[in-house]
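A.B. asks: Take this sequence and fold it.
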Amino acid sequence: MARYTEEDVDSAIAAVRAGRSIRKAALEWGVPRATLQERISGRSAGKEGFSHLQKVDPVTEERLAQWVLLQSDLGLPPTHAELREFASRVLKAQGLDVSLGKHWVSRFLTRNPSIQVHRSRSIDSRRLNGATTDIIRRWFQRLAIPAVKTIKPKNRHNTDEIGIMEGMGKNGLVLGRAQKAVIQRKTPGGRTWSSIIECISAVGTFLPPLVIFKGSSLQQQWYPLDLKPFIGWKWDYQKKGWTDDSIGLEWVQKVFIPLTRPDDPSEARLLILDGHGSHITVDFMWECYQNNIQLLYLPPHASHVLQPLDVAVFSPLKTAYRKYLGYATYLHDSSVAGKRNFLECYRRARLDAFTLSNILSGWRATGLWPVSVRHPLLSPLLLKKPLQKAPMNLKDVPTNSQVNNLLESTDLEAEKVVWSTPRHSQDLRRQLDIYTTTTKGSTTQRLLFSKVKKAFVEKDTQLAFERRENEAWKAKFEAAIPRKRKKVELSPQSKFASIEDIRRGQIAAGDVVDASSDSIGSDLTSEAEDCIVVGADDSESDDEDGA
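C.D. replies: Numbers count the residues shown, from 1 in each chain. Predicted coordinates for the structure are as follows:
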């Protein structure tokens, strides 16, 4: 007997109501006459008639079906086991203590024909580059999904984990004596691996970092006594120094969700992230589902093209970190001083890298906001062939007569220079350079100005060396102060350590005598209120370079 669908029954009922006989309508639409007669008389469809016997009510099942379709569109279709676990979470949240039968998934699929079972095709992780034009074009179609397209830029976020060796300085070329074939360079600290979870938004704000140390506990002596610059930061430990499932879940629960919550609870949030194992657990997805957070996973091996943090923030962050770590060659290295030094170097590097211009540039270059697939497709990392340099046009090369005329005009240009009283030594050097290059003064005058310039350069150089030496001795003195080993006891309400927890450990170890006399105490209570930071202007980090 030919099968019929619910749509066929509805069409047959409509034909009968339009005046056609039941017999003709049943034959035309392939519906048994008895079934059609019963449905016209008011009998419910089979699946509706037994809906009261379902463990998951039809409304909840419809929500689950929408979730499955959305996850499939976003590139992470759930497995049978994940669907079952997710449905169990929904029932538990509704206060229902029931278990789903072993055939529930197959019956769910029968009741929801819009969902079909597909054989997933995993992408080979050994590929060197997943950022192909075809992959990017297909991935950008997910940004056009209505559930994602309507999300406001302030609610669009990108998170990623950056790994740093605490004692890793600059690699590459160094300078030394020409007579030596091999030269060694001292690098501060050890080779301990630490991870940091960072998060930025499409409007230039960023969250405080979560620092994950390698170890079996957190020690108070790892942290500087002055904790004010680290307000809002969180710390955790893991035996390998990496993110695991529990850390990822705790981060989204205790950091991301409360600190990015919109003023209007109905507004959805978008979290763009890679497919790390800690991001695709049922617990992680369930927490985001409950808080109206859409998860958009990046294609494998494409973060260097599609991830704002990778494209415009992490590179200057690592460069600045290595620069500040280079100053540590003056320190007497030890494992304890190395961790404190790591935190300070990373803090200063963040000030340089997490600027408003860098963050917005990352979103713009990846085409994630404003949304434009053109930007990642124009990335030089996608080019098949290197660009050919245009041949030099010989007409652009100046002739000898043109060069002579340019040199002869320098005296006339010098008369047009507006001279001013130098306020800094660099102003004086700049004006001396202008004078010596634009005038043909006497030899004595040129020699005099050259001597004056040299004297100021020597003075500035000497001051710079003395300043660096004073900083080095100060750092050596602070590192030499004995610090008692003391485990940081965490608050029972959180898996992560805050500066409150660290301060309590320092007090217990005797490194801080009286917490009430420390002004940081008044800042700790409002720590969560001040931890969303707007990217600073580039000029704000200039003072750090000279420190």
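A.B. asks: What about residue 37, how many residues nearby?
C.D. replies: Neighbour count for residue 37, taken as other C-beta atoms under 10 Å: 15. Where you see a C-beta, it was placed from the backbone N, CA and C, and this is true even at glycine.
A.B. asks: Contacts only, for the closest residue to it other than its chain neighbours.
C.D. replies: Nearest residue to residue 37, sequence neighbours excluded (C-beta to C-beta, 6 or more residues apart in numbering): residue 22, at 6.0 Å. Each residue near residue 22 by C-beta atoms under 8 Å, 6 or more residues apart in numbering is listed here: 16, 33, 36-37, 40.
A.B. asks: try residue 487
C.D. replies: For residue 487, the contact set (C-beta under 8 Å, 6+ apart) comprises 217-220, 505.
A.B. asks: one step back: format the contacts of residue 22 as a markdown table; extra columns: distance to residue 445, pLDDT and secondary structure.
C.D. replies: Shown next, in a markdown table, are the contacts of residue 22 (distance: C-beta to C-beta, whole Å; pLDDT from 0 to 100; DSSP: H, G, I helix; E, B strand; the rest coil):
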| residue | distance to residue 445 | pLDDT | secondary structure |
| --- | --- | --- | --- |
| 16 | 111 | 92 | helix |
| 33 | 117 | 90 | helix |
| 36 | 112 | 89 | helix |
| 37 | 116 | 88 | helix |
| 40 | 112 | 87 | helix |
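A.B. asks: so where's the stretch 101-250 of the chain uncertain?
C.D. replies: For the stretch 101-250 of the chain, the stretches flagged by pLDDT under 70 are 120-130, 167-191.
A.B. asks: on that earlier part again, separation between the residue nearest to residue 37 and residue 7?
C.D. replies: As judged by C-beta to C-beta, to the nearest Å, residue 22 and residue 7 stand 18 Å apart.
A.B. asks: again, but for residue 134
C.D. replies: 36 Å.
A.B. asks: Over to residue 495?
C.D. replies: Relative to residue 7, residue 495 is positioned 51 Å away (C-beta to C-beta).
A.B. asks: Among these two, which residue is more densely surrounded?
C.D. replies: Between residue 495 and residue 7, residue 495 has the larger neighbour count (other C-beta under 10 Å), namely 16 against 9.
A.B. asks: looking at this, the more buried one is in a helix?
C.D. replies: No - using DSSP: H, G, I helix; E, B strand; the rest coil, the secondary structure at residue 495 is coil, not a helix.
A.B. asks: Identify the residues contacting it.
C.D. replies: For residue 495, the contacting residues are 236, 246-247, 250, 254, by C-beta under 8 Å, 6+ apart.
A.B. asks: Serialize the contacts of residue 487 to JSON lines and add fields for secondary structure and neighbour count.
C.D. replies: Formatted as JSON lines, the contacts of residue 487 follow (DSSP: H, G, I helix; E, B strand; the rest coil; neighbours: other C-beta atoms under 10 Å):
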{"residue": "217", "secondary structure": "coil", "neighbour count": "11"}
{"residue": "218", "secondary structure": "coil", "neighbour count": "22"}
{"residue": "219", "secondary structure": "strand", "neighbour count": "20"}
{"residue": "220", "secondary structure": "helix", "neighbour count": "25"}
{"residue": "505", "secondary structure": "helix", "neighbour count": "24"}
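A.B. asks: Out of these, the closest to residue 58 would be?
C.D. replies: Taking C-beta to C-beta as the measure, residue 58 lies nearest residue 218 of these, at 49.3 Å.
A.B. asks: mind checking how far the closest one is from residue 310?
C.D. replies: For residue 218, the distance to residue 310 - C-beta to C-beta - is 28 Å.
A.B. asks: Show me what the helix or strand hosting residue 138 is in contact with.
C.D. replies: Per DSSP states H and E, residue 138 falls inside helix 133-140. Helix 133-140 has contacts (C-beta under 8 Å, 6+ apart) with 75, 298-299, 302, 305-306, 367, 371, 373, 376-377, 382.
A.B. asks: go again using 10 Å as the cut-off
C.D. replies: For helix 133-140, contacts defined as C-beta atoms under 10 Å, 6 or more residues apart in numbering pick out 74-75, 123, 129-132, 296-302, 305-306, 366-368, 371-374, 376-377, 379, 382, 384.
A.B. asks: Among those, which are located in strands?
C.D. replies: Among the contacts of helix 133-140, the residues falling in strands (DSSP state E) are 296-297.
A.B. asks: Kindly give a single ChimeraX line that selects the buried subset of the contacts of helix 133-140.
C.D. replies: In ChimeraX, a selection of the buried entries from these looks like this (16 or more other C-beta atoms under 10 Å):
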select :74,130,131,296,297,298,299,300,301,302,305,306,366,367,368,371,376,379
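A.B. asks: Filter the contacts of helix 133-140 down to the ones in helices?
C.D. replies: Those of those mapping onto helices are 305-306, 366, 374, 376-377, per DSSP state H.
A.B. asks: Domain map for this structure?
C.D. replies: Domain assignment for the chain, taken from automatic domain parsing, gives 6-43, 51-111, 155-168+187-290+308-370+507-545, 413-481.
A.B. asks: Residue 494: what's it in contact with?
C.D. replies: Contact analysis of residue 494 by C-beta under 10 Å, 6+ apart lists 234, 236, 250, 253-255, 501.
A.B. asks: what's the spacing between it and residue 219?
C.D. replies: Distance, residue 494 to residue 219, using C-beta to C-beta: 18 Å.
A.B. asks: same deal with residue 114?
C.D. replies: Between residue 114 and residue 219 the computed distance is 55 Å (C-beta to C-beta).
A.B. asks: Nearest to residue 345 among the ones in helices among the contacts of helix 133-140?
C.D. replies: residue 366 (27.5 Å).
A.B. asks: Quick one: the strands in the stretch 151-300 of the chain, in order.
C.D. replies: Applying DSSP state E, counting those that start in this stretch to the stretch 151-300 of the chain gives strands spanning 156-165, 193-201, 205-206, 210-214, 234-238, 269-273, 293-297.
A.B. asks: what's the closest of those strands to residue 454?
C.D. replies: Short answer: strand 156-165, nearest of the strands of the stretch 151-300 of the chain by C-beta to C-beta, at 41.4 Å.
A.B. asks: If you count neighbours, what's buried in that closest one?
C.D. replies: Buried, per 16+ other C-beta under 10 Å, within strand 156-165: 156-162, 164-165.
A.B. asks: Over to stretch 55-70?
C.D. replies: For stretch 55-70, burial by neighbour count (16+ other C-beta under 10 Å) applies to 56, 60-61, 64-65, 67-68, 70.
A.B. asks: just curious, which of those residues is nearest to residue 348?
C.D. replies: residue 70 (41.8 Å).
A.B. asks: State the distance from residue 281 to residue 295.
C.D. replies: 11 Å.
A.B. asks: what about those two, which has more around it?
C.D. replies: residue 295 (21 against 16).
A.B. asks: that older thread, so which of the contacts of residue 22 is the most crowded?
C.D. replies: If you count neighbours using other C-beta under 10 Å, the busiest of the contacts of residue 22 is residue 36, which has 22 neighbours.
A.B. asks: Look up how far residue 6 lies from it.
C.D. replies: Distance, residue 36 to residue 6, using C-beta to C-beta: 12 Å.
A.B. asks: now swap in residue 259 and tell me
C.D. replies: 47 Å.
A.B. asks: neighbour count winner among those two?
C.D. replies: Per other C-beta under 10 Å, whichever of residue 259 and residue 6 has more neighbours is residue 259, with 16 against 13.
A.B. asks: All set now, cheers.
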